[in-house]
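**Q** Coordinates for the following, if possible.
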Amino acid sequence: MTGSPHHTLPASTPSDLTPQLLPIPAFADNYIWMLHDGRAAWVVDPGDAKPVLAALQAHGLQLAGILVTHHHADHVGGLSGLRPHLQGPVYGPAREHIPGPITPLHDGDSINVLGLRFRVIDVPGHTAGHIAYVQQGAAAPLLFCGDTLFSAGCGRLFEGTPAQMAASLARLAAGPDDTQVCCTHEYTLSNLRFAAAVEPDNRDIAQHTLDCQALRQAGRPTLPSTLALEKLINPFLRCQQPAVVAAAQRMGPLNDAGDSVAVLAALREWKNRF
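**A** Alright, predicted model coming up:
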C-alpha cells in the first residue's frame, strides 16, 4: 500500500473511550509509547516485542497498529515479534527502510489512531527520513517525535546536517505550547546537566532538574514533557538566546554569531563530547 503527500489514510475504528497514554520501558533507557482505549492498543517505536506483549497481556488489549518514526534497531527491532499479534497496519517513514510490510508515510499525510487524528511531519537530522506524528485538534496534543527532540536535548546527527535538525526542531517547536512531547529515551537528567553547563543561571533548568530527580527516585518517567517547558530549558530550542549564543562562542568561533544553525552545530558537537 502506497502513501502519498497530503493523503488521509484509512481510519481505525473510533472508540467511545478516551485513549490512555502509557510509556513502556525497554532496554536501558527507551520508552515504547502505547495508546489504548481499554480494548485496542497502538504502540510507537517498538524496539523490543517482549515488554509490549507483556503490557498487552496485563491490560487485556489487542494490538491494533504500530507507528514507527525511523529505522534504528532500538525502534524497529520488535516488529517481527509483534506481527503475529498485530491486527492492523504498521506505519513508517517512506524514505527509510523499515522491516516490512509497512504503509509508507510522507510529510503532510494524516492517519487515525483510536479515533485520534495525527499529521505526519518530516523531521530529518537524526536520520535522513525521520518522521514525527502530531495529534490534530486536541487541547493538549500528543507529539511522538522519536529521537529528533528530547527533553532538554536533541538527537545526534547520524545522517543529517545541523541545518536540517534546526529546521526540524523549529517545525516541532511551532506547535501549541501544551503539546505533550513523547520522546523515546529517558535522557532528561543527563540532558539537563548539559543544559545547565550552557546556561548556568537558568532557574527553569535548575528547578526542572530537581523535579526530574524526584520523579526518577520515585521510579517514574520524566516524560512526556511539553513544548512550553522545552522552550525554557532546552538549549537546542534556545539557539537565539544571548546566553546560549555566548556559550556556543566559548566552544570556538562560529560561522556567524547570529546564525542559530551555527549555534546548534556548536552545541551538538559540545554535547557529543560532554
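**Q** Start from the N-terminal end of the stretch 101-250 of the chain and give the helices.
**A** 162-173, 188-198, 203-217, 227-233, 242-250 (DSSP state H, counting those that start in this stretch).
**Q** Mean neighbour count for the ones you listed - can I get that in CSV?
**A** For glycine as for every other residue, the C-beta is placed from the backbone atoms N, C-alpha and C. Converted to CSV, the helices of the stretch 101-250 of the chain look like this (neighbours: other CB atoms under 10 Å):
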stretch, mean neighbour count
helix 162-173, 20
helix 188-198, 21
helix 203-217, 15
helix 227-233, 19
helix 242-250, 16
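**Q** what's the neighbour count on Arg95?
**A** When counting by other CB atoms under 10 Å, one arrives at 18 neighbours for Arg95.
**Q** Look at it and report its pLDDT.
**A** pLDDT, Arg95: 97.
**Q** That one reaches Gly129, doesn't it?
**A** Yes. Arg95 is within contact range of Gly129, at 3.1 Å (criterion: CB atoms under 8 Å).
**Q** on that earlier part again, please convert the helices of the stretch 101-250 of the chain to JSON lines, extending it with distance to Val134.
**A** Converted to JSON lines, the helices of the stretch 101-250 of the chain look like this (distance: least, CB to CB, whole Å):
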{"stretch": "helix 162-173", "distance to Val134": "8"}
{"stretch": "helix 188-198", "distance to Val134": "21"}
{"stretch": "helix 203-217", "distance to Val134": "23"}
{"stretch": "helix 227-233", "distance to Val134": "11"}
{"stretch": "helix 242-250", "distance to Val134": "25"}
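**Q** Which of these has the lowest mean pLDDT?
**A** When I compare the helices of the stretch 101-250 of the chain, helix 242-250 is least confident, with a mean of 94.
**Q** Contacts for the strand or helix carrying Tyr31 next, please.
**A** Using DSSP states H and E, Tyr31 sits in strand 30-36. Outside strand 30-36, the residues that touch it by CB atoms under 8 Å, 6 or more residues apart in numbering are 19-26, 41-48, 51-52, 55, 59, 61, 74, 78, 113-114, 116, 142, 144, 182-186, 221, 223.
**Q** For the closest residue to His126 other than its chain neighbours, grab the count of nearby residues.
**A** Nearest in space to His126, with sequence neighbours left out and distances taken as CB to CB, 6 or more residues apart in numbering, is Gly155 at 3.4 Å. Gly155 sits with 28 neighbouring residues when counted by other CB under 10 Å.
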